[in-house]
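Enquirer: Okay, sequence plus prediction incoming.
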Amino acid sequence: GAVVSQHPSWVICKSGTSVKIECRSLDFQATTMFWYRQFPKQSLMLMATSNEGSKATYEQGVEKDKFLINHASLTLSTLTVTSAHPEDSSFYICSASDQGTYEQYFGPGTRLTVT
Amino acid sequence: AQSVAQPEDQVNVAEGNPLTVKCTYSVSGNPYLFWYVQYPNRGLQFLLKYITGDNLVKGSYGFEAEFNKSQTSFHLKKPSALVSDSALYFCAVRGPSASNAGNMLTFGGGTRLMVKP
């Protein structure tokens, strides 16, 4: 089946630094990838939609200058959390939409802890 | 805009008993409905979906869900629960959002299923 990977699976960084999270579709092409954020014991909240070769579009209330998204190829999207603060600590999950079926497949998530 | 409600934060069931995790939705047009399961510190795993056709949808790991248009519900069910089914379950509906024309998923708040031996 379709597999989506995320790297790293967990990361600890200091406040003020930037962190990049990669999302890859391993065996299919994804014109669209989605980035979600999940707080403990809460549901997934869509942050932005990433379309290959174009700028990402962000949900209301999500700072595009803080959460930089790049979708350079049909198999890779990256989320960079810039100038991270402790309140950015969260579980970040990506999903990739299969170009043929439009089904969404989810990555395993990245746990970000900002100290 | 579409929405999904999962009225129960937690469902407790004894192993071997049937389980139901409730989900209701609101969407304009025909609903595309999904169930996902999440284990601790893991991403979401797809269980099943309803697009069209039979109201009873069968999915992975013995789960099934019944689409009820009049009640706008899509409850997840399993005839005999296993301890290993203990996890967080999310219902979702596909529809448009501010950032995407039509392929985003809106999730319910999640229901924690606890199956006790």
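Expert: Thanks, I have it.
Enquirer: Not counting sequence-adjacent ones, nearest residue to the residue nearest the centre of chain A?
Expert: Most central residue of chain A, judged by C-alpha distance to the mean C-alpha position with CA atoms, centre = their mean, is A:W35 at 3.8 Å. Closest residue to A:W35 apart from its sequence neighbours, by CB to CB, 6 or more residues apart in numbering or on different chains: A:M47 at 4.6 Å. For every residue, glycine as well, the C-beta is placed using N, CA and C.
Enquirer: secondary structure element for the residue nearest to the centre of chain A?
Expert: Following DSSP states H and E, one finds A:W35 within strand A:30-38.
Enquirer: show me where chain B has strands.
Expert: B:3-5, B:10-14, B:19-21, B:24-26, B:32-38, B:44-50, B:56-58, B:64-68, B:73-78, B:87-95, B:104-107, B:111-116 (DSSP state E).
Enquirer: The second one and chain A, any residue contact?
Expert: No. Counting by CB under 8 Å from any CB of the partner chain, no contacts exist between strand B:10-14 and chain A, the nearest distance being 10.3 Å.
Enquirer: which helices and strands does that strand pack with?
Expert: With contacts taken as 3 or more CB pairs under 8 Å, 6 or more residues apart in numbering or on different chains; DSSP states H and E, strand B:10-14 sits against strand B:19-21, strand B:111-116.
Enquirer: where are the low-confidence patches of the chain?
Expert: With no chain named, the answer covers chain A. By pLDDT under 70, the low-scoring segments of chain A are A:1, A:99-102.
Enquirer: Can you look at chain B instead?
Expert: When residues are selected by pLDDT under 70, those of chain B lie in B:95-103.
Enquirer: one more time with 90
Expert: Scanning chain B for pLDDT under 90 picks out B:1-3, B:27-32, B:39-44, B:46, B:51-53, B:94-106.
Enquirer: picking up where we left off before, what's near enough to touch the residue nearest to the centre of chain A?
Expert: A:W35 makes contact with A:23, A:46-48, A:50, A:67, A:69, A:77, A:79, A:92-94, according to CB atoms under 8 Å, 6 or more residues apart in numbering or on different chains.
Enquirer: Also A:M47?
Expert: By CB under 8 Å, 6+ apart, the residues touching A:M47 are A:35-37, A:58-59, A:62, A:67, A:79.
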